[in-house]
Each structure stands twice: as C-alpha cells, then as structure tokens.
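J.: Test case, fold it:
(one chain, ligands or ions: 1)
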Amino acid sequence: MRVNKSDFPILQQKINDHRLVYLDSAATSQKPMSVIESIEQYYKKDNSNVHRGVHTLGSRATEAYEAAREKVAQFIQASSSKEVIFTRGTTTALNLVASSYGRSKLSAGDEIWITAAEHHSNLIPWQQVAKATGAKLCYLELQADGSLDLEQVKGQLGPRAKILAIHHVSNVLGVIQPIADLAKLIHQQGGIIVVDGAQSIPHLSIDVQQLDVDFFAFSGHKMLGPTGIGVLYGKEALLEQMEPIEFGGEMIDFVGLHEASWKELPWKFEGGTPIIAGAVGLGAAIDYLQQVGMDQVEQHDRQLTAYAYQRLSQIDGVKLYGPQESRIGVVTFNLGSIHPHDVATVLDTEGIAIRAGHHCCQPLMKWLEETATARASFHIYNDEQDIEALASGLEKTKEFFGNAIG
Ligand code: PMP
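T.: Numbering: from 1, shown residues only. Sure thing, here's the model as predicted:
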C-alpha cells in the first residue's frame, strides 16, 4: 500500500506561504485521519471510565481500552497482553522500571551499564537509582560513529553488570544498535536489558521475544498515535516480582485501613483513571501501520534516510554525525559555523520544520564536541521532494548568512 500524504490533514497547509515540509517526526510524528477520527468517535460514542461501570458505555470503554492493549501485544509479539503496561510515554515507562525494578534489585557495587548517547530519559532515572542504591553507573565504549563493537562490549560487561539500559535507535545519530546480541551478552552475565525503543518502534518491526529483551519502552506519539500514551513491555516473570510505584484507584484488589493488595498484571501498574482515548488512538495508529506493513515502513524509512544522508553530504559546509549505514529515521548535521537555531529559523521561513538543540542528549553533545546540532527526521509521509526542499533551504540559509561556512 502506498502512503497518501492526504491521509495526514496537518500536512495539507502552507507555512509562511510555502508547502509544509515536516521533518521533525523524531520529536513527534503527525497523525493520520483514522487516528484522529478514532479519538473523536470514542469521545462521541463510547466515553466512560473503565473497569468499573456496569453500564453499557462502561463496558464499551473497557473493551476499547483492553482491545488496544491486545493490539499492542500482537504488534510487538509479546507472549501475553499482561506484559503490556500503558504509561504516559517512554519517559514514564523507563522511570517505572528504574524506580521499581532498579531500586529493589540493585545494591552497592552492582553495575548499571548505559551509553553516552542515551536520551536524558534513559540516563537520569539510572543516575537516580545509582545514587539511591550505591550501584555504579558505567558507560559502554562508543565507536566514533556511535555504534558499538560487540567484542568491546563483551569485555566491559562482567558479573556485577545487573542492568544494561540502552537505546535501540539513537534520536541524534540514527544508529541502530544490535539489541539481540546485547541481550545475549548481558544475559550471560545474569543481568537484564532495558531498551529505549522510542525511535525504533516508529520504523522497525519489533519482536520482543526474538530480541529477548526484558523491558522495552516506547511512546505512541512518535508512531502516528496521540500524545500522552506509551507502553512499558516487560517479561511477565519480572513484572510479577515488581512493586507498583503509583498507588490509588484502579490498581487495587483489597483495601483495608492499614494495608492493601494489588490487582494482577497488568493493572497493578496502572493506578488512577488510565489514558483511555490515548490507548484507542494508539490502537488506530497500529492498524494504520499494519495496513501499510511494517516491512514497507522500514524499507521506505531506511531508503529515505540514506537518500537524505547522501544528499546533505553533497552540500558544501554540511557536517554529518553518526553512521552512514545501519541508520534509520534521522539525519543530524551542522552547517558551517551557522548556529543550528539560526538554520532552523531560516528553514521555517521556507515552510520546513526541523529541530535544533541538544535533543535531550547533553552528554552526547559533549561527546560530539558540539553545543548543539540540527536534525531532520522522517516518517512514511515524507518523500524525496521533502529532502530536496531541505537541501535547497540549506543553500538559501548559507546565502542568508553570507556563506558563513568556514
Ligand atoms: N528516548 C528517545 C530515544 C527519544 O527520542 C525520546 C523522545 N524524544 C524519549 C526517549 C522520550 O520520549 P517521551 O518524551 O515521549 O517520553
């Protein structure tokens, strides 16, 4: 199936008198009409609270919410929908693992392994766990392009390595990490792997069983779904051992004056009224992606990313970051000595939306010896014309700044 740009109503507008060229999908993707309508229909017809009401709307809302969970479970090949916890997004999902699993299982001298390329949401929660437990936060060696050398990783992970928490695809470098191999290496040491899948789930088919990951976190809004909904996948045996970190309505079984017990999985981790409309919208996004076919999505996004990398490398003064191969979704660059915020501002006058800054990766910026970069990122509604618009926008930016590319 070919993706029709007209499925995405937001793209049918002009920005500053130019066709909107949206190249900021790594920050958040745009939504097809079917996702927008699913939310509208839910609020128009089925809206109610879940898991409580005996009335018809209550049952419909519960069914819609739980059907979305089933869709997610099937989309990531989880062995059961009990392993799918709805959260607010990747950040909340990673904080849940760190606060519950991390704080209860680690002690002084244990090691948490991450990389300098983590998004802050897969870095700060582990810093906090390390402070609270006395565990050591350790960094895997990155190659110059942000990839990992598995032999080197093998040498770094020893018997005290209890958690490896790592991005699947970097939101800055676009590099795809070899998660299945990393899972094997940490499992050999008796540790677990926690994967930040925020930038992989929009582009790659994910099979959590084949990857053999213990936890996998992602956000709905980067995969054509709405904001405010995300997922923590966890292996059932591990989730069973974990305590909730939020307490209140919805997650309890029995409550007395001085004690309480929890519902079974997955609900024990979903305290309070859940994000029902968000889950419905995420389900519709999964339907859309599956109609296109995740293989098609991956092929399109890989090819377009490679095209963009190649096209930008032809522009005098462009410096690209990250690998040329094994990359998806993002191309990060600088344009001579022009500040990336200035690049993004000039491009906006041409209707082109890119991101500039540290991309929530300050340690990575330091590692790259940059204070900021510009980033163009893609999804299935982008095409080569969008990349050409970016390329000519960059030429105009250079002219605007008097060709200050030295
Ligand atoms: N990890 C990565 C790699 C990301 O790109 C992002 C979003 N920029 C996040 C985590 C955090 O996602 P969210 O803000 O949706 O919680």
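J.: Check which helix or strand the residue lying farthest from the centre of the chain maps to.
T.: What lies farthest from the middle of the chain is residue 257; by CA atoms, centre = their mean that is 40.4 Å. Element membership for residue 257, per DSSP states H and E: none, as it lies in no helix or strand.
J.: Need the residue closest to the centroid of this structure.
T.: Note on the chain: the residue nearest the mean C-alpha position is residue 198, at 0.9 Å, using CA atoms, centre = their mean.
J.: I'd assumed it was in a helix, is it?
T.: No - checked against DSSP: H, G, I helix; E, B strand; the rest coil, residue 198 lies outside a helix; its state is coil.
J.: tell me the phi and psi of the residue lying closest to it once chain neighbours are set aside?
T.: Using CB to CB, 6 or more residues apart in numbering and skipping residues adjacent in sequence, the residue nearest residue 198 is residue 90, 4.2 Å away. For every residue, glycine as well, the C-beta is placed using N, CA and C. Dihedral pair for residue 90: phi -60, psi -40, per degrees, to the nearest 10.
J.: before we move on, what about residue 360?
T.: Torsion angles at residue 360 (phi, psi; degrees, to the nearest 10) stand at phi 60, psi 30.
J.: where does it land on pLDDT?
T.: Per-residue confidence (pLDDT) for residue 360: 96.
J.: ok, now the one 4 residues further on?
T.: Among the per-residue scores, residue 364 holds a pLDDT of 96.
J.: before we move on, what about residue 3?
T.: 82.
J.: can you check residue 404 too?
T.: The model's pLDDT for residue 404 equals 62.
J.: So for the residue in the stretch 201-350 of the chain positioned nearest to the ligand, what's the pLDDT?
T.: Relative to the ligand, the nearest point of the stretch 201-350 of the chain is residue 219 (3.4 Å; CB to the nearest ligand atom). We have a pLDDT of 98 for residue 219.
J.: isn't it right next to residue 198, touching?
T.: Yes - the criterion here is CB atoms under 8 Å, and residue 219 meets it with residue 198 at 5.5 Å.
J.: Are there residues contacting both of these two? Which ones?
T.: Jointly contacting residue 219 and residue 198 under the rule CB atoms under 8 Å, 6 or more residues apart in numbering are residue 90.
J.: What are the contacting residues of stretch 266-276?
T.: By CB under 8 Å, 6+ apart, the residues outside stretch 266-276 that reach it are 42, 47, 49-51, 61, 64-65, 69, 81-86, 88, 96, 228-229, 232, 239, 242, 244-251, 262.
J.: one more time with 7 Å
T.: With CB atoms under 7 Å, 6 or more residues apart in numbering as the test, stretch 266-276 has contacts from 49-50, 61, 65, 82, 84-86, 88, 96, 228-229, 244, 246-251, 262.
J.: can you check stretch 209-217 too?
T.: Here stretch 209-217 makes contact (CB under 7 Å, 6+ apart) with 76-77, 79, 90, 93-94, 97, 179-180, 183, 192-197, 208, 232-235, 238.
J.: again with stretch 233-247
T.: With CB under 7 Å, 6+ apart as the criterion, stretch 233-247 contacts 76, 78, 80, 82-85, 96, 99-101, 104, 208, 214-216, 251, 262, 265, 268-269, 271-272.
J.: now with 8 Å?
T.: The contact list for stretch 233-247, computed with CB under 8 Å, 6+ apart, reads 76, 78-80, 82-85, 95-97, 99-101, 104, 192, 208, 213-217, 251, 260, 262, 265-266, 268-269, 271-272.
J.: Any idea how far apart the tips of it sit?
T.: By CA to CA, to the nearest Å, the extent of stretch 233-247 from end to end equals 20 Å.
J.: Identify the residue spatially nearest to residue 139, adjacent ones excluded.
T.: Leaving aside its sequence neighbours, residue 139 sits nearest to residue 116 (CB to CB, 6+ apart; 5.7 Å).
J.: I meant to write residue 313 there.
T.: residue 320 (6.0 Å).
J.: Please tell me how far the one you found sits from residue 312.
T.: Separation of residue 320 from residue 312 (CB to CB, to the nearest Å) stands at 6 Å.
J.: for residue 23, same thing?
T.: With distances taken as CB to CB, residue 23 is found 11 Å from residue 312.
J.: which residues do the two both contact?
T.: 376, 390.
J.: And these two? Which one has more around it.
T.: residue 23 (25 against 21; other CB atoms under 10 Å).
J.: show me the contacts for the more buried one.
T.: Applying CB under 8 Å, 6+ apart to residue 23 gives the contacts 352, 353, 354, 376, 377, 378, 382, 386, 390.
J.: I'd like the residues you listed written out as a markdown table, with neighbour count added.
T.: Output for the contacts of residue 23, formatted as a markdown table (neighbours: other CB atoms under 10 Å):
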| residue | neighbour count |
| --- | --- |
| 352 | 27 |
| 353 | 18 |
| 354 | 24 |
| 376 | 30 |
| 377 | 30 |
| 378 | 28 |
| 382 | 25 |
| 386 | 22 |
| 390 | 24 |
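J.: So which of those is the closest to residue 111?
T.: The shortest approach to residue 111 among the contacts of residue 23 belongs to residue 377, at 32.5 Å (CB to CB).
J.: Next, the buried residues of stretch 51-65.
T.: Residues 51, 58, 60, 61, 62, 64, 65 are the ones in stretch 51-65 that count as buried (16 or more other CB atoms under 10 Å).
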